[in-house]
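Engineer: One predicted model, sequence on top.
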Amino acid sequence: MDWETVIGIETHAQLSTASKIFSGAATQFGAAPNVQACAVDIALPGVLPVLNQGAVERAIRFGLAVGADINRRSVFARKNYFYPDLPKGYQISQYELPVVQGGSLTVVLEEGVKTVRLTRAHLEEDAGKSLHEDFHGMSGIDLNRAGTPLLEIVTEPDMRSAEEAVAYARALHALVRWIGICDGNMQEGSFRCDANVSVRPKGAEALGTRSEIKNLNSFRFMEEAINYEVRRQIELLEDGGTVVQETRLYDPDRKETRSMRSKEDAHDYRYFPDPDLLPLAISAETIESIRSGLPELPQAKRDRYIRDHQLSAYDAGVLTSSREVADFYEDVISALGGGYKLAATWITGELFGALKRAGLEISQSPLGSRQLAGLLQQLQDKVVNGKGAKEVFDAMWNGEGEATAIIAAKGLKQISDAGELEQVIDGVLVANPKSVEEYRAGKEKAFNALVGQAMKATRGKGNPAQINEILKKKLAG
């Protein structure tokens, strides 16, 4: 039987406020256990929550960025469950009336673009953390994270492969960082994804029973976990078994998911409006003020690069994969006064290759945007050719100075003098009569061999375009 994979993603993005969602306690990562848990966070009798305005504004900013509806009136609810790291015995969240409703996110895939619909994005508080590693036969409880503001972003079940799910997660990760609502640090738990995975026979409309894979904190683990879970469910069904609705964890060492607990439905949590919090009222003026402060968004920037810079959809997608990459590209073209395709080619090629080899992000690049622009200016002005420019790039990457100084020091200045090149080419033609004969007999490859010999004779410094032009004239004569 042919099977179809169905995936929905729930993402918890920690909002970039300095204090918690209902208290003034700090949210800084890495503090000693329980030093950032105040009376409100640990639910001492008589305390009352006070909503953090900054968290609400960040939720609105996200909703506007994805084209969602902002509910002018939203309600906080109590989500009841009992767990050692949840001091109140309930989590303050949103259910029926979230701040953000609907919206969508467009992701770029190799085969084109795909739009993933969003169901909602709602505000809630994080729970604490159970610590098992440092205790023998016991667990410790760290309540520093209790009350940390989260935006839970929920998609429709629109994704059909692990590749699509990872592309969506990457696009969402880039967006929340782009608009400044979340630092996106997956290692610190600031951006955590849960994948709801099911399979169904191809052509079927009804959804299969889903398993939820919790707390995926890397894109690689997400892809591995989903692919494993899809295989597990298909094998189970084809062997006559049934898929159980449950929560599973991914073990990256064994590269498999394993059962954690049965999966609850909404009614199991007994949601009801929190009596300590008034309904949240958002004015039209607040929404418009936040809208006016949004930066140019990735999709709009991508469309502009394709339309105005004549870049391919792929290059435009790569250059808008993060705000840091887009800013780097725009700094380069600003210094060049254009050169869109040249800048895109070198950033996505040489620069990204060097960054990957070094394990660095673009913000950590030892080669700045203005330095790269200086090199590309020399290339654009035909001071250096493509081969020489790559040698200069490597030297600049290793901290040997600016492009002009390296070109002079290494003698890489391109030979563009027509008389000098004619002399070189005359010598090449005399030394390679067989290649000349083959070219005139219609073998195009022989021409490339002659170009190669001319470049060799100039020690790689000849102007390739001029060499091609002079060679063609002489061979036609």
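Structural biologist: All right, it came through fine.
Engineer: Give the next helix or strand downstream of the longest helix belonging to the chain.
Structural biologist: The helix that spans the most residues within the chain, counting by DSSP state H, is helix 219-238. Elements were assigned by DSSP states H and E; along the chain past helix 219-238, the next helix or strand is strand 246-251.
Engineer: What's the mean pLDDT across that following strand?
Structural biologist: pLDDT averaged over strand 246-251 equals 94, rounded to a whole number.
Engineer: buried ones in it?
Structural biologist: By neighbour count, with 16 or more other C-beta atoms under 10 Å as the criterion, the buried positions of strand 246-251 are Thr247, Arg248, Tyr250. Just so you know, the C-beta spots here come from the backbone N, C-alpha and C atoms, and that holds for glycine as well.
Engineer: Contacts only, for Gly24.
Structural biologist: Residues counted as contacts of Gly24 (C-beta atoms under 8 Å, 6 or more residues apart in numbering) are Cys38.
Engineer: Is it in a helix, a strand, or coil?
Structural biologist: coil (DSSP: H, G, I helix; E, B strand; the rest coil).
Engineer: from what I can see Val436 touches Gln453, true?
Structural biologist: No - judged on C-beta atoms under 8 Å, Val436 makes no contact with Gln453 at a distance of 10.9 Å.
Engineer: Assumed Asp183 was part of a helix.
Structural biologist: No - secondary structure assignment (three-state DSSP) places Asp183 in coil, not in a helix.
Engineer: outside of stretch 196-203, which residues touch it?
Structural biologist: Around stretch 196-203, the neighbours that count as contacts under C-beta under 8 Å, 6+ apart are 1-10, 157, 206-213, 226, 229-230, 233-234, 237, 243.
Engineer: Those in strands, which ones?
Structural biologist: Trp3, Glu4, Thr5, Val6, Ile7, Gly8, Ile9, Glu10, Ser211, Glu212, Ile213 (DSSP state E).
Engineer: From those residues, keep the buried residues only.
Structural biologist: With neighbours counted by 16+ other C-beta under 10 Å, the ones in strands among the contacts of stretch 196-203 contain buried members at Trp3, Thr5, Val6, Ile7, Gly8, Ile9, Glu10, Ser211, Glu212, Ile213.
Engineer: Tell me which other helices or strands the longest helix of the chain touches.
Structural biologist: Helix 219-238 is packed against strand 3-14, helix 162-178, strand 191-201, strand 211-216, strand 246-251, strand 256-262, with contacts defined by 3 or more C-beta pairs under 8 Å, 6 or more residues apart in numbering; DSSP states H and E.
Engineer: Swap in 6 Å and give it another go.
Structural biologist: Counting contacts by 3 or more C-beta pairs under 6 Å, 6 or more residues apart in numbering; DSSP states H and E, helix 219-238 packs against helix 162-178, strand 191-201, strand 256-262.
Engineer: between it and helix 162-178, how many degrees?
Structural biologist: Taking axes from the mean of the first three to the mean of the last three C-alpha atoms, to 10 degrees, one finds helix 219-238 and helix 162-178 inclined to each other by 150 degrees.
Engineer: from the chain's centre, how far out does helix 219-238 sit?
Structural biologist: Put simply, helix 219-238 sits 22 Å off its chain's centre (C-alpha atoms, centre = their mean, to the nearest Å).
Engineer: same deal with stretch 426-442?
Structural biologist: Centroid displacement of stretch 426-442 relative to its chain, using C-alpha atoms, centre = their mean, is 52 Å.
Engineer: Stretch 92-102 too?
Structural biologist: Mean-position distance between stretch 92-102 and its chain equals 25 Å (C-alpha atoms, centre = their mean).
Engineer: Report the residue spans of the protein with pLDDT below the cut-off.
Structural biologist: Low-confidence segments of the chain, defined by pLDDT under 70: 263-267, 415-418, 420, 441, 477.
Engineer: right, and out of the buried residues of strand 246-251, which lies closest to Leu278?
Structural biologist: Sorting the buried residues of strand 246-251 by distance to Leu278 puts Thr247 at the head of the list, at 33.0 Å, by C-beta to C-beta.
Engineer: Wasn't Leu123 part of a strand?
Structural biologist: Yes - counting by three-state DSSP, Leu123 is part of a strand.
Engineer: sorry, back to before: and the buried ones among the ones in strands among the contacts of stretch 196-203, which two are the farthest apart?
Structural biologist: Every pair in these was compared (C-beta to C-beta); the two farthest apart turn out to be Trp3 and Glu10, at 22.9 Å.
Engineer: related to what we said a few turns ago, which one of the buried residues of strand 246-251 is nearest to Val56?
Structural biologist: Using C-beta to C-beta, Thr247 is the member of the buried residues of strand 246-251 that sits closest to Val56, with 29.3 Å.
Engineer: So that closest one is in contact with Arg258, correct?
Structural biologist: No - the pair Thr247 and Arg258 fails to qualify as a contact (C-beta atoms under 6 Å) at a distance of 10.5 Å.
Engineer: ok now do Ser130, which residues does it touch?
Structural biologist: Contact partners of Ser130, counting by C-beta atoms under 6 Å, 6 or more residues apart in numbering, are Asp85, Ser139.
Engineer: Figure out how far whichever strand or helix holds it is from the centre of its chain.
Structural biologist: The secondary structure element spanning Ser130 is strand 129-131 (assigned by DSSP H and E). On the basis of C-alpha atoms, centre = their mean, strand 129-131 is displaced by 29 Å from the centre of the chain it belongs to.
Engineer: And stretch 333-347, by the same measure?
Structural biologist: Going by C-alpha atoms, centre = their mean, the spacing between the C-alpha centre of stretch 333-347 and its chain's C-alpha centre is 22 Å.
Engineer: Start and end of that stretch, how far apart?
Structural biologist: 11 Å (C-alpha to C-alpha, to the nearest Å).
Engineer: re earlier: please identify which two of the ones in strands among the contacts of stretch 196-203 are farthest apart in space.
Structural biologist: Distances among these were taken as C-beta to C-beta; the most separated pair is Trp3 and Glu10, at 22.9 Å.
Engineer: Checking my notes, Lys413 in a helix, right?
Structural biologist: No - Lys413 is assigned coil when assessed by three-state DSSP, not a helix.
Engineer: Between the helices and strands packed on helix 219-238, which one is closest to Ser322.
Structural biologist: With respect to Ser322, and counting by C-beta to C-beta, the nearest of the helices and strands packed on helix 219-238 is helix 162-178 at 5.1 Å.
Engineer: So what touches stretch 288-306?
Structural biologist: For stretch 288-306, with C-beta under 6 Å, 6+ apart as the criterion, the contacting residues are Glu57, Ile60, Arg61, Leu64, Ala65, Thr106, Leu311, Ala316, Thr320, Ala326.
Engineer: Good, we can wrap up now.
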